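>>> please find the sequence and the predicted model below.
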Amino acid sequence: MTPAAQTLETNKVVARRLADEVFADQYVNHTMPVPGVPGTKAGFRQVVLATREAFPDVQVEVQDVVAEGEFAVFHDVVRATSRGAFMGIPPTGRRLEWTEIHFLRIADGRIVEHWANFDQVGILRQLGVLR
């Protein structure tokens, strides 16, 4: 197995573990960033795998976390290099940076609902799709 294939397999294991350990079976993502992907735990897993294939060096740095009752909100900065196709956009080799805000409802220690806002326009500009 090539190193790239090994990395993809490792990423798949991590994504599955993350979704299985952190997200409730009834998880609903109200803000799915990829058209045609269901807002379920399996859909989230698909998004993580697609993101890691397009940006294999992706790093997420959580900046702030606020929690109140059954809700938690966090703000993060994502940094990655475009190395694979992303939503039909060919790889550019460019280094990208964008921000995200995630709003979570948590029950019994697992994420039940998820809303997100991220800089989609900034991503597309950095990929060269928009000016």
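Yep, that arrived.
>>> which residues touch the residue lying closest to Gly93 once chain neighbours are set aside?
The spatial neighbour of Gly93 that comes closest, neighbours along the chain excluded (C-beta to C-beta, 6 or more residues apart in numbering), is Ser82 at 6.2 Å. The way it works is simple: take the backbone N, C-alpha and C, and place the C-beta from them, glycine included. Applying C-beta atoms under 8 Å, 6 or more residues apart in numbering to Ser82 gives the contacts Ala54, Phe55, Ile89, Pro91, Thr92, Gly93, Arg94, Leu96, Leu127.
>>> measure Ser82 to Ala72 for me?
Taking C-beta to C-beta, to the nearest Å as the measure, Ser82 and Ala72 are separated by 30 Å.
>>> tell me how many other residues crowd Asn117.
Residues lying near Asn117 (other C-beta atoms under 10 Å) number 12.
>>> can you confirm it is in a helix?
No: looking at Asn117 with DSSP: H, G, I helix; E, B strand; the rest coil, it is strand, so not inside a helix.
>>> in this structure it contacts Thr31, no?
Yes: in this structure Asn117 lies within contact range of Thr31 using C-beta atoms under 8 Å: 7.1 Å.
>>> which helix or which strand is home to the residue nearest to the spatial centre of the chain?
For the chain, Val48 is the residue whose C-alpha lies nearest the centre (C-alpha atoms, centre = their mean; 5.0 Å). Using DSSP states H and E, Val48 falls within helix 41-54.
>>> mind listing what the following helix or strand past that helix pairs with, with the direction of each?
The helix or strand immediately downstream of helix 41-54 is strand 59-68, counting by DSSP H and E. Sheet pairing here is set by DSSP bridges, and for strand 59-68 it gives strand 71-81 (antiparallel).
>>> tilt between the host helix or strand of Tyr27 and helix 41-54?
Assigned by DSSP H and E, Tyr27 belongs to strand 23-29. Orientation check (axes from the mean of the first three to the mean of the last three C-alpha atoms, to 10 degrees): strand 23-29 against helix 41-54 gives 80 degrees.
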